[in-house]
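> Take this sequence and fold it.
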Amino acid sequence: MVKPSWVLGACLLALSCNEATEGESPVEEERSDRASLSPAELLVRASLDLRGIRPTPEELAAVEDDPDSVDAMVEAFVDDPAFGLRMKDMFAGAWRTRIDFYPLEEDTYDEAQAATHGAIGEEPLDLIAYIAINDLPFTHLLHSTETLVDPVLLEQWPLEAVAEDGTLLPPGVVRARYTDGRPSAGVLAMNSVYWRHSSTIENANRGRANALSQALLCQSYLDRPIDFPSDLDLTDSESIRDAIANNPACQGCHSTLDPFASYLWGFMYGEAEQPQPTYSPELERAWRIYTDTAPAFFGKPGDRLADLADHVAGDERFVACTVRRVYEGMLGRKAVLEDEGALAEHREAFLAGGLTLDSLARSILADPSYRGQRWTPRFGGDPEPVHEKVAPVGVLASSLQSLSGYTLTYNGRPATRLDFGLRALAGGSDRGDTTDVSTGAVLVQRRLAEAGAIFAIDNPDVGGRLGSYIAGVDLSQPPTPDQIVELVRVVRSRTLETDHPEIEAMTRVWADVLAIETPREAWVALVTAVLADPDHLLY
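All right, here's what the predicted structure looks like:
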């Protein structure tokens, strides 16, 4: 195996070798001057956003030959099965179910247990993927009578498999239905949501209700200013109950939060140390005992979870929140006041398209801000154009995997989805992806780049797109300029001339490493340098 220190040194050299021009590198200079994305850049961005991979050399060539074809090409990405996987990633930060560990009875963490932890976290997200790839209205998230789960959960929870009906399924899941008498309410009836967002009897499901409000309506009660009474004893349960019932400052939130929470008592586990897999219909009216607050959704009364699902599905905030999540996921930044006009435009397209995620994604693909252009929406505002954005760690990992065939896992789980793996180091968490490039993100990219380069060179038959490239070169010989040009084209989706300063610099990388190592290790250093280029972190 190549020595990491030499490879890292080669990467650093490659990343700094663009200093052929004084001041800025050619790439930086090109990016700072542009007014909007070129067709090739738009192709790369849309492919990474909607498929999680870079465009193929053939797709890049087609756009270079006919720039006007890019609109049709990027729209076609919405029809790719990988679109559902990217929608999962965009909504993962809303549901926060992708965590390292769930409180299972077993205290081991072998591959079988790791699979269970991972499967639990994917349940609500797989329903989103299912909605995306089958062009279903997003209200199906609340009205589905079934769930989609990894088969491992059929043995853990009260689930029965449902016969296939010809619809498309996300990879690795089966259609299933809960058999314990819980109401049919889509994501609101999923074990995973309440296992992730637990509650004590004292809290009375309020934390859960807030988590649902945040995920479905983009509104958190914790964001509201609260003026606590100075004489309130927060250590005394009876004092707290009295304030919630009678103090105007507390009622400002609890008048809507507590009725929302009253829908959720069937998932209360009492004093059990572990979350229970079975729903308890007999506890649905336990609110009479603990809060004496009847179920309601912002003044609309109801009885069971199905009523709550209907109320949320008919709420304008649910539509607006969905638009905001996909908009922020594709633009790679938080929406601010100046984006409200653009959000209104996409809301109209979402409604006109039957609330399908593909209609929403197509609308955002055409957004001038997404393409790096300034514009004034019909509804006002001055949204900031996105010239560059940070690659989410999931996109970085999936792109490098498609190129090299390598995935870093821990007991079978992708390390980029684990905080104790690489996710936190790269700047992300279960709350979502970072929008800033950090030192940690650079280190994660370089480590994956090095491992991917070694894997692709040692396993060209399964080494992703790089495998085909490597199979066509002689690893005992130095690369020619044409070979490096092709390598950059395959890995970075950029077309450079053979006399470009970057090509000359990468030729020196190979030669410098050869002076102290073998030709194979020089090739590893070269491929690592191209995989570690900033193009993979910023696009």
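
> what's the model's confidence in the helix or strand hosting residue 360, averaged?
Following DSSP states H and E, one finds residue 360 within helix 357-365. Per-region confidence: helix 357-365 scores 98 on mean pLDDT.

> outside of it, which residues touch it?
With contact meaning CB atoms under 8 Å, 6 or more residues apart in numbering, helix 357-365 is reached by 46, 50, 74-75, 78-79, 83, 87, 128, 131-132, 135, 138, 322-323, 326-327, 330-331, 345-346, 349-350, 352-353, 370. In short, each C-beta sits where N, CA and C put it, glycine included.

> Apply 7 Å and report the result again.
46, 50, 74-75, 78, 87, 131-132, 135, 138, 323, 326-327, 330, 346, 349-350, 353, 370 (CB atoms under 7 Å, 6 or more residues apart in numbering).

> Could you pick out the buried ones from the residues you listed?
Among the contacts of helix 357-365, those buried by neighbour count (16 or more other CB atoms under 10 Å) are 46, 50, 74-75, 78, 87, 131-132, 138, 323, 326-327, 330, 346, 349-350, 353, 370.

> In the stretch 301-450 of the chain, what residue spans correspond to strands?
Ranges of strands within the stretch 301-450 of the chain are 409-410, 413-414, based on DSSP state E, counting those that start in this stretch.

> Where do the helices of the stretch 101-250 of the chain begin and end?
111-133, 140-143, 191-196, 206-217, 237-246, 248-261 (DSSP state H, counting those that start in this stretch).

> least reliable of those helices going by mean pLDDT?
helix 237-246 (a mean of 67).

> Helix 111-133 and the helix holding residue 360, what's the angle between them?
Between helix 357-365 and helix 111-133, the angle comes out at 80 degrees (axes from the mean of the first three to the mean of the last three CA atoms, to 10 degrees).

> quick check, distance from helix 357-365 to the centre of its chain.
Taking CA atoms, centre = their mean, to the nearest Å, one finds helix 357-365 lying 17 Å from the centre of the chain it belongs to.

> Kindly report the same for stretch 85-100.
For stretch 85-100, the distance from its own C-alpha centre to the chain's C-alpha centre is 5 Å (CA atoms, centre = their mean).

> So what touches that stretch?
Under the contact criterion CB under 7 Å, 6+ apart, stretch 85-100 has outside partners 49-52, 121, 123-125, 128-129, 132, 192-193, 196, 215, 325-326, 329, 357, 392, 394, 417-420, 430-433.

> Let's see the pLDDT reported for the residue nearest to residue 51 when sequence neighbours are not counted.
Distances taken as CB to CB, 6 or more residues apart in numbering put residue 82 closest to residue 51, at 4.3 Å, once the chain neighbours are dropped. Looking at residue 82, its pLDDT stands at 97.

> Count the neighbours of residue 82 for me.
Residue 82 has 18 neighbouring residues, counting by other CB atoms under 10 Å.

> So it versus residue 48, what's the distance?
Using CB to CB, to the nearest Å, we find residue 82 at a distance of 11 Å from residue 48.

> ditto for residue 370
12 Å.

> List only buried entries from the contacts of stretch 85-100.
49-52, 121, 123-125, 128-129, 132, 192-193, 196, 215, 325-326, 329, 357, 392, 394, 417-418, 430, 432-433.

> distance between the ends of stretch 323-337?
One end of stretch 323-337 sits 15 Å from the other (CA to CA, to the nearest Å).

> Give me the contacts around it.
Applying CB under 7 Å, 6+ apart, the contact partners of stretch 323-337 are 49, 90-91, 94, 218, 343, 346-347, 350, 357, 360-361, 364, 369-370, 386, 389-390, 435.
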